[in-house]
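**Student:** structure for the following, please:
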Amino acid sequence: MNRIKIIVITILTIVITTAFKSTIDLKTKSLLNDKVKLRIPAEFDIMSEELLKMKYPSERRPTLVYSNESGEINIALNLTQNQASQQLIPTYKDNLVKTFKNLYPSAEWISSGVENINGKKVGFLELVTPAINTEIYNLMFFTDLDGNLLLCSFNCTKKNVEEWKPTAKKIMNSLKIQ
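**Tutor:** A predicted model of the protein is given here:
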């Protein structure tokens, strides 16, 4: 009987601690001249110019990057010069899938598709790509803004994926275009 009580108490403790697991506090930010609203972790700040240049050495770096203090977890936005419309979002999704499959043949694909988020078609790719010394979880999502393609991405190291993957999806689902 004592053994059963211990097992029940252990199970209840696990259930209670799991139910009250700390969640990541998200705050809605108005971005890109108030044309985009996106929920971003409250403790994230805009990435410094020097870290931005280190992490994204190409001159085609994102327009805006929010990051945690260590720079391991990022949310990037890039308003490209590529023309886009709601009708082109499925085509962009197909082309980006092909591009990433060519760039990262060893990537672990989780999903891709087009969803309606807050009244807009939003394409997305979800995959884990190789990097030096680790693997990176990526959730890229995109739509049109003022006739151009808006690319957004969430990424974190694979060691953080269990904690951050649900938050990444909340961030994507919070996207609002004004």
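
**Student:** hey, let's count contacts and neighbours off CA atoms from now on
**Tutor:** Noted.

**Student:** now the most centrally placed residue in the chain, nearest residue through space, not along the chain?
**Tutor:** Central residue check for the chain by C-alpha atoms, centre = their mean: the C-alpha nearest the mean position is that of Phe154, 2.4 Å away. The spatially closest residue to Phe154, leaving aside those adjacent along the chain, is Ile75, at 4.5 Å (C-alpha to C-alpha, 6 or more residues apart in numbering).

**Student:** distance check, that neighbour against Gln87.
**Tutor:** 25 Å (C-alpha to C-alpha, to the nearest Å).

**Student:** out of those two, which sits in the busier spot?
**Tutor:** Between Ile75 and Gln87, counted using other C-alpha atoms under 10 Å, the more crowded position is Ile75 (25 against 10).

**Student:** doesn't Asn68 make contact with that one?
**Tutor:** No: applying C-alpha atoms under 8 Å, one finds Ile75 not in contact with Asn68, separated by 9.3 Å.

**Student:** quick check: the residue nearest to Phe154 is in a strand.
**Tutor:** Yes: with DSSP: H, G, I helix; E, B strand; the rest coil as the criterion, Ile75 is part of a strand.

**Student:** and it, what does it touch?
**Tutor:** If a contact means C-alpha atoms under 8 Å, 6 or more residues apart in numbering, then Ile75 has Ile40, Val65, Tyr66, Ser67, Cys152, Ser153, Phe154, Asn155 as its contacts.

**Student:** that one and Thr143: what is the separation?
**Tutor:** Distance, Ile75 to Thr143, using C-alpha to C-alpha: 16 Å.

**Student:** next one: Ile117
**Tutor:** Separation of Ile117 from Thr143 (C-alpha to C-alpha) stands at 10 Å.

**Student:** can you show me the CA trace of whatever helix or strand Glu163 lives in as PDB?
**Tutor:** Here Glu163, judged by DSSP states H and E, is contained in helix 161-173. Output of helix 161-173 as PDB, limited to C-alpha atoms (Å, rounded to 0.1, in the frame of the first residue of the first chain):
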ATOM      1  CA  VAL A 161      14.400  23.000 -29.500                       C
ATOM      2  CA  GLU A 162      12.100  21.200 -27.000                       C
ATOM      3  CA  GLU A 163      11.700  24.300 -24.900                       C
ATOM      4  CA  TRP A 164      11.400  26.800 -27.900                       C
ATOM      5  CA  LYS A 165       9.500  24.900 -30.700                       C
ATOM      6  CA  PRO A 166       6.000  25.600 -29.200                       C
ATOM      7  CA  THR A 167       7.000  29.300 -28.800                       C
ATOM      8  CA  ALA A 168       8.300  29.500 -32.400                       C
ATOM      9  CA  LYS A 169       4.800  28.400 -33.600                       C
ATOM     10  CA  LYS A 170       3.100  30.900 -31.300                       C
ATOM     11  CA  ILE A 171       5.400  33.600 -32.800                       C
ATOM     12  CA  MET A 172       4.500  32.600 -36.400                       C
ATOM     13  CA  ASN A 173       0.800  32.400 -35.600                       C
END
